[in-house]
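S.K.: Predicted coordinates and the sequence they were generated for:
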Amino acid sequence: MTATVASGVRVRGLRRVFGERAVLDGVDLDIAPGEFVALLGASGSGKSTLLRALAGLDGEGGGEIDVPGRRAVVYQEHRLLPWSRVWDNVVLGLRGRDLRGRAEAALAEVGLTARADAWPLTLSGGESQRVALARALVRTPDLLLLDEPFGALDALTRLNAQALVADLWAEHRPAVLLVTHDVEEALLLADRALLLADGRIEREYAVDLPRPRSLDDPRFIALRRDLLDGLGIQTVLQPPPAAIQPTSSARPTVLQPPPAAIQPTSSARPTVLQPPPAAIQPTSSARPTV
């Protein structure tokens with residue numbers, strides 16, 4: 001059962017079964033108003049299933065869900081309509097006056113004022129995701145659900161998008177649930193990081209670090225190690241095999257010269273071009289052709 005509340009999230013005993021497998025098996029979750037929570041777990045652990053349940057897109061199953069009425073979702077795919085201009089995509093489904101003005105205000109927050117009249121196919125991947133963020137912001141949500149929104153972006157664009165989300169969250173302060181596979185992303189953005197395993201929230205980590213956060217902070221590094229250990233990921237890089245990493249006693253690789261038949265020695269006779277047959281190259285005694 002799903003009910004709407006003023007703000008924040010409360011989930012009790014959430015259960016979702018697919019076939020004979022319980023993907024979510026009695027999940028309890030609380031997100032305070034304005035709190036940023038990251039959800040991590042192995043592929044197929046039920047992260048997106050939980051997000052869909054909070055979004056109201058999956059009503060099948062047991063448990064209680066209390067969520068704000070104003071919710072917005074940003075997916076890994078931008079899901080922009082290619083036949084509508086950017087500003088139309090931002091206010092898609094909204095009603096009221098001055099929709100163009102509301103769209104432009106949201107686009108200004110993500111740095112895309114100049115692209116309001118562009119077609120989606122002319123946007124880069126990063127720009128498309130910023131439009132998707134603007135589409136979420138224009139609805140002034142109390143709960144923002146982010147389903148791996150930066151997974152398809154290159155490394156540099158992803159860092160910029162993460163910084164933008166951090167700024168927008170600080171400005172608007174919705175409750176946020178971020179589904180991600182990126183441990184560093186979770187620690188850069190969230191107040192808490194949750195690990196989902198075996199259908200339940202198995203572990204919880206408080207990210208008590210000052211913002212903006214640094215990857216070089218020893219506390220950040222320690223939390224990153226704890227999260228990776230919780231996910232069962234080896235955190236120590238192994239050196240390459242000895243055959244690839246030679247030691248000081250190993251002989252360096254020496255390029256061998258080409259075969260003797262291709263590289264003649266000083267004792268080999270040089271190749272001499274033979275003159276053409278006499279019938280083709282007349283001598284001085286031969287009569288010229290008349």
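M.R.: Received it, and whenever you're ready, just let me know what you need.

S.K.: Give me the buried positions along stretch 137-156.
M.R.: Buried residues in stretch 137-156, counted by 16 or more other C-beta atoms under 10 Å: 137-139, 141-153. (Each C-beta comes from the backbone N, C-alpha and C, glycine too.)

S.K.: Stretch 99-113 now?
M.R.: The neighbour-count check on stretch 99-113 (16+ other C-beta under 10 Å) flags Leu99, Arg102, Ala103, Glu104, Ala106, Leu107, Glu109, Val110, Leu112 as buried.

S.K.: Stretch 154-169 too?
M.R.: Thr157, Arg158, Ala161, Gln162, Leu164, Val165, Ala166, Leu168, Trp169.

S.K.: if we take these, which one ends up nearest to Ser43?
M.R.: Comparing the buried residues of stretch 154-169 against Ser43 with C-beta to C-beta places Arg158 closest, at 18.8 Å.

S.K.: Please name the nearest non-neighbouring residue to the most centrally placed residue in the chain.
M.R.: By C-alpha atoms, centre = their mean, the chain has its centre lying nearest to Gly151, at 1.7 Å. Excluding the flanking residues, the one nearest Gly151 by C-beta to C-beta, 6 or more residues apart in numbering is Gln76, at 4.6 Å.

S.K.: what do you get for Leu57?
M.R.: Taking C-beta to C-beta, 6+ apart, and ignoring the residues beside it in sequence, Leu57 has Val73 as its nearest neighbour in space, at 8.0 Å.

S.K.: tell me which of the buried residues of stretch 137-156 is nearest to Ile31?
M.R.: The nearest member of those to Ile31, counting by C-beta to C-beta, is Leu143 at 7.7 Å.

S.K.: hang on, isn't the closest one packed against Leu178?
M.R.: No - the criterion here is C-beta atoms under 8 Å, and Leu143 misses it with Leu178 at 11.9 Å.

S.K.: Which elements pack onto the helix or strand encompassing Arg224?
M.R.: Using DSSP states H and E, Arg224 sits within helix 218-230. On a contact count with 3 or more C-beta pairs under 8 Å, 6 or more residues apart in numbering; DSSP states H and E, helix 218-230 meets helix 183-189, strand 192-197, strand 200-206.

S.K.: if you set the cut-off to 10 Å instead, what comes out?
M.R.: Helix 218-230 sits against strand 36-40, helix 183-189, strand 192-197, strand 200-206, with contacts defined as 3 or more C-beta pairs under 10 Å, 6 or more residues apart in numbering; DSSP states H and E.

S.K.: Make a markdown table out of these and add mean pLDDT.
M.R.: A markdown table is the format used below for these (pLDDT from 0 to 100):
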| stretch | mean pLDDT |
| --- | --- |
| strand 36-40 | 98 |
| helix 183-189 | 97 |
| strand 192-197 | 97 |
| strand 200-206 | 96 |
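
S.K.: Dump these to CSV, plus mean neighbour count and distance to Thr122.
M.R.: As requested, the helices and strands packed on helix 218-230 are exported to CSV (neighbours: other C-beta atoms under 10 Å; distance: least, C-beta to C-beta, whole Å):
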stretch, mean neighbour count, distance to Thr122
strand 36-40, 25, 32
helix 183-189, 22, 28
strand 192-197, 20, 37
strand 200-206, 14, 41
